[in-house]
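*Asks:* attaching a predicted model along with its sequence, questions to come.
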Amino acid sequence: MEKTIPGEKFDLGVCYYPEQWPEAMWADDYRRMREIGFTIVRMGEFAWNFFEPEEGVFTFDLFDRAIDLAHEHGLQVILGTPTATPPAWMTYKYPEILNATFEGVQYQHGLRRHYNYSSPIYRDYCAKITEAMATHYANHPGVVGWQIDNELNCEVNVFYAEADHKAFRTWVQEKYGSLDALNQAWGTVFWNQSYSDWEQVHLPRPAPTKSANPHQALDEKRFISDNTISFARLQSDILRQLAPAQWITTNGMFGHLDSHALTDELLDFFSYDSYPNFTTIWNDADRRDPLMDRSYSNQLTKIRSISPTFCVMEQQSGPGGWVNTMGQSAPKPGQMRLWTYQSVAHGADMLLYFRWRTATFGTEIYWHGINDYHNRPNRRVAEATTISRELGKIGELIAGSRFTAEVAILHDYDNEWDGEFDIWHGPLTKESEYSWGKALQFSHIPYNYLYVQEKTTLGDLSRYKVLIYPHPAIMSEETAELLKQYVAGGGKLIFGARSGYKDQRGHCRMTPFPGLVAELCGITMEDFTLVLNEATTPHMRWIDGGDEASTPARLFNDILHPENDNVQTLALFDGDYYAGKPALTRNPYGSGEAYYFGAAFSREIADGLIRRLGLAPATTGWAELPPEVEVAIRVKQDRRFAFILNYTGKPVKANLLQELEDLLEGEQVSVGELEIAPYGVKVFAL
């Protein structure tokens, strides 16, 4: 069952913290929220002390008044369980609930997310506060849903408290059943690591070098994910039982967490926190044509793989930054609106800005909200009002529509987690997904992410004409068979270097590379090498020539050997000792084709494959757009909606090939040249 936003309406709102403001301000805040057009607020996720000021004493007076007043003003409330910030009375009395570093140094009370998921004491307190809140607010007409915790695995996504080592030990016992099976899975015969008693088993710990057992490290990530889901399930089960009429979600997508399993098992839909301005400090400045804030479309695409329609629980509205880190410049006029429609274009049917007013104290005094400290009108308030008015026009029309694409990038958690530790394949995926995202966006070809899971079916794959699975080092027999069926049925599948050679334990198979997909691709590896020096990176040369006749083959090189006469070599290596050897091949398989590229994908190589695959822009027949803009298509029944987003601070020209309905302006737009304003947005009915 797909997990999506319920209903056929669009809710726009804001995060609000009544405990941080004098009560005399609440009514005016709510009044102005409604004047803007907001319909929903989130609160409570950091307020444990107000719900339980001392152990076992529950008080709801402050939030009763805050929620009642919000309801009186026509605002729905999302209530957060406050388990991201355990109170000081608890951490003082029970320090074992605190997390610890890899070296075993215990974190102390302060900031947030300083706890561990494994402590039985902490789980008991989390169950009690969730039960008390659910019992109290289950029938409140103003509370529409629940957010579990806040940003699970944010700040820190590894856990080394004593309780975590114990929980991990139990997890591996249940997974493997015997020490013999564990020793075999972890290859402990290597370097004499074999275990003879379960008490000897721990999470990775400090060693003479930074290296660790790679199979243990992979299981560590799997355990953290399962343990996080178990922690969330504790709360979800209580909420389902005591508050069945209210929906459940959680926010953020962070490391070492299978968000797909979390959502499938526990949530009604998934929520994301979108802060595109992070790219001003995190994006690689030396990349040509960087995606910058546009790269968040790639993140939103991953969210859409979890929930086809979803909530953005925190949408950036102002400059961001903690007091001592993460400083960001202010969004330029129009960017808040642009980023809002970026989220909507990719599937958001509910969106809340962070936050209503900038905090005047604490770590986030520079994480600015819609209102400034002084509470006077500003351009962000005006921009939010414009957005609200526009979504008031089109919200019901687009709500429930689904993003559509003919191309998907395949991804899976095992390779993501194994690749964190394994430098022989992990860095390749990051490079290739970035390059493919850039190439597809700039070519105006919408794409999805499709996470390969045990439940993935041939039908899931067959929705797409082209699948890109950049570097799946770990591959199961079941996945390999599924991919063969997809290609045999007419699909086109593209692999990159280091594909298919590991089993699910992370062991290398004793078969020619690329392992389980060698027959599908029609090739084996004649040789291979890491490419460590950018200056001496070999190029690949397209045999059919073209503008991109020679392009770097980055990070890793698989030198390919065709194994049948039907394999076509599309490009050769043009450097080093393997110059003239195949670098890119195409193998007919059934009614489809399997491609194998022996390196990490660059933008240029992805562009070259897009042309040779004959992939057409989503604008074909109705518009010609410059590369500065992104196009996204959402479909509802027989209606199609095109979102056009200009990420530049200058006007750009589009050429309309047919008359279109401009939904935001409420008018027909004629054939011919159309100017899109700096950071401008157009939504057309096709």
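*Replies:* Sure thing, it's come through. Numbering: from 1, shown residues only.
*Asks:* so what's residue 272 bridging to?
*Replies:* residue 312 (DSSP bridges).
*Asks:* which residues touch the nearest residue to residue 617 once chain neighbours are set aside?
*Replies:* Closest residue to residue 617 apart from its sequence neighbours, by Cβ to Cβ, 6 or more residues apart in numbering: residue 444 at 3.8 Å. Every residue, glycine included, has its C-beta placed from N, CA and C. Counting by Cβ atoms under 8 Å, 6 or more residues apart in numbering, residue 444 touches 617-619, 625, 630-631.
*Asks:* just the ones of these in strands?
*Replies:* Judged by DSSP state E, the subset of the contacts of residue 444 located in strands is 630-631.
*Asks:* could I get the contacts of residue 444 as a markdown table with distance to residue 212?
*Replies:* Converted to a markdown table, those look like this (distance: Cβ to Cβ, whole Å):
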| residue | distance to residue 212 |
| --- | --- |
| 617 | 46 |
| 618 | 45 |
| 619 | 49 |
| 625 | 48 |
| 630 | 41 |
| 631 | 45 |
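*Asks:* buried only: go through the contacts of residue 444 for me.
*Replies:* 617-619, 625, 630-631 (16 or more other Cβ atoms under 10 Å).
*Asks:* where's the residue lying farthest from the centre of the chain relative to residue 514, distance?
*Replies:* Taking Cα atoms, centre = their mean as the measure, the residue most remote from the mean C-alpha position of the chain is residue 565, 41.4 Å away. To residue 514, residue 565 is 19 Å away according to Cβ to Cβ, to the nearest Å.
*Asks:* pull out the buried positions in the helix or strand residue 482 falls within.
*Replies:* Following DSSP states H and E, one finds residue 482 within helix 477-488. Within helix 477-488, the residues scored as buried using 16+ other Cβ under 10 Å are 479-480, 482-487.
*Asks:* between those, which is nearest residue 669?
*Replies:* Of all these, residue 486 has the smallest distance to residue 669: 39.6 Å, by Cβ to Cβ.
*Asks:* what is the end-to-end distance of stretch 591-607?
*Replies:* Distance across stretch 591-607, first residue to last, is 24 Å (Cα to Cα, to the nearest Å).
*Asks:* so how far is it from its chain's centroid?
*Replies:* For stretch 591-607, the separation from the chain centroid amounts to 24 Å (computed by Cα atoms, centre = their mean, to the nearest Å).
*Asks:* buried set for it?
*Replies:* Quick answer for stretch 591-607 (16+ other Cβ under 10 Å): 592-607.
*Asks:* and for stretch 245-255?
*Replies:* 246-253.
*Asks:* again, but for stretch 458-465
*Replies:* Neighbour-count burial for stretch 458-465 [16+ other Cβ under 10 Å]: 460-461, 464-465.
*Asks:* farthest pair within those residues?
*Replies:* Most distant of the buried residues of stretch 458-465, by Cβ to Cβ, are 460 and 465, 14.0 Å apart.
*Asks:* if we can go back for a sec, which ones among the buried residues of stretch 591-607 map onto helices?
*Replies:* 603-607 (DSSP state H).
*Asks:* in TSV, list the residues you listed along with distance to residue 169 and pLDDT.
*Replies:* Listed next are these as TSV, based on distance: Cβ to Cβ, whole Å; pLDDT from 0 to 100:
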residue	distance to residue 169	pLDDT
603	46	93
604	49	94
605	45	95
606	44	97
607	50	95
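*Asks:* can I get those in JSON lines with distance to residue 525?
*Replies:* JSON lines is the format used below for those (distance: Cβ to Cβ, whole Å):
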{"residue": "603", "distance to residue 525": "25"}
{"residue": "604", "distance to residue 525": "23"}
{"residue": "605", "distance to residue 525": "19"}
{"residue": "606", "distance to residue 525": "22"}
{"residue": "607", "distance to residue 525": "26"}
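*Asks:* between those, which is closest to residue 524?
*Replies:* residue 605 (21.5 Å).
*Asks:* now do the contacts for the residue nearest to residue 555 when sequence neighbours are not counted.
*Replies:* Closest residue to residue 555 apart from its sequence neighbours, by Cβ to Cβ, 6+ apart: residue 600 at 4.1 Å. Applying Cβ under 8 Å, 6+ apart to residue 600 gives the contacts 427-428, 431-432, 435, 470-471, 496-497, 554-556.
*Asks:* ok, now with 6 Å
*Replies:* Under the criterion of Cβ atoms under 6 Å, 6 or more residues apart in numbering, the contact list for residue 600 reads 428, 431-432, 554-555.
*Asks:* between those residues, which is nearest residue 333?
*Replies:* Using Cβ to Cβ, these come closest to residue 333 at residue 431, 34.2 Å.
*Asks:* per-residue pLDDT, the closest residue to that closest one other than its chain neighbours?
*Replies:* Spatial nearest neighbour of residue 431, chain neighbours left out: residue 600 (4.4 Å); criterion: Cβ to Cβ, 6+ apart. We have a pLDDT of 98 for residue 600.
*Asks:* which strand residues bridge residue 600?
*Replies:* residue 554.
*Asks:* how far away is it from residue 494?
*Replies:* Distance, residue 600 to residue 494, using Cβ to Cβ: 13 Å.
*Asks:* residue 430 too?
*Replies:* Residue 430 is 17 Å from residue 494, by Cβ to Cβ.
*Asks:* cool, residue 442 as well?
*Replies:* For residue 442, the distance to residue 494 - Cβ to Cβ - is 18 Å.
*Asks:* okay, these two: which has more neighbours?
*Replies:* Between residue 442 and residue 494, residue 494 has the larger neighbour count (other Cβ atoms under 10 Å), namely 25 against 20.
*Asks:* tell me which residues touch that one, please.
*Replies:* If you count contacts by Cβ under 6 Å, 6+ apart, then residue 494 has 468, 595 around it.
*Asks:* need the three-state assignment for it.
*Replies:* strand (DSSP: H, G, I helix; E, B strand; the rest coil).
*Asks:* show me what it bridges to in the sheet.
*Replies:* residue 468, residue 595.
*Asks:* what pLDDT does it get?
*Replies:* At residue 494, the pLDDT recorded in the model is 98.
*Asks:* what's the answer for residue 622, then?
*Replies:* Value for residue 622, per-residue pLDDT: 98.
*Asks:* and residue 62, how far from residue 276?
*Replies:* Per Cβ to Cβ, residue 62 is found 34 Å from residue 276.
*Asks:* the more surrounded of these two?
*Replies:* Each of residue 62 and residue 276 has its neighbours counted (other Cβ under 10 Å); residue 276 has more, 25 against 14.
*Asks:* contacting residues around that one?
*Replies:* Going by Cβ under 6 Å, 6+ apart, the list of residues near residue 276 reads 293, 296, 339.
*Asks:* wait, which of those is closest to residue 410?
*Replies:* residue 296 (20.7 Å).
*Asks:* which helix is the longest one in this structure?
*Replies:* Max-length helix for the chain by DSSP H is helix 214-242.
*Asks:* what comes up buried for it?
*Replies:* 214-229, 231-232, 234-236, 238-240, 242.
*Asks:* that helix: what's the following helix or strand?
*Replies:* Remark: after helix 214-242, the chain's next helix or strand is strand 247-249, criterion DSSP H and E.
*Asks:* following the chain onward from the lowest-mean-pLDDT helix or strand in the chain, which element is next?
*Replies:* Least confident helix or strand of the chain, by mean pLDDT, DSSP states H and E, is helix 279-282 with a mean of 68. Next helix or strand after helix 279-282 toward the C-terminus (DSSP H and E): helix 296-306.
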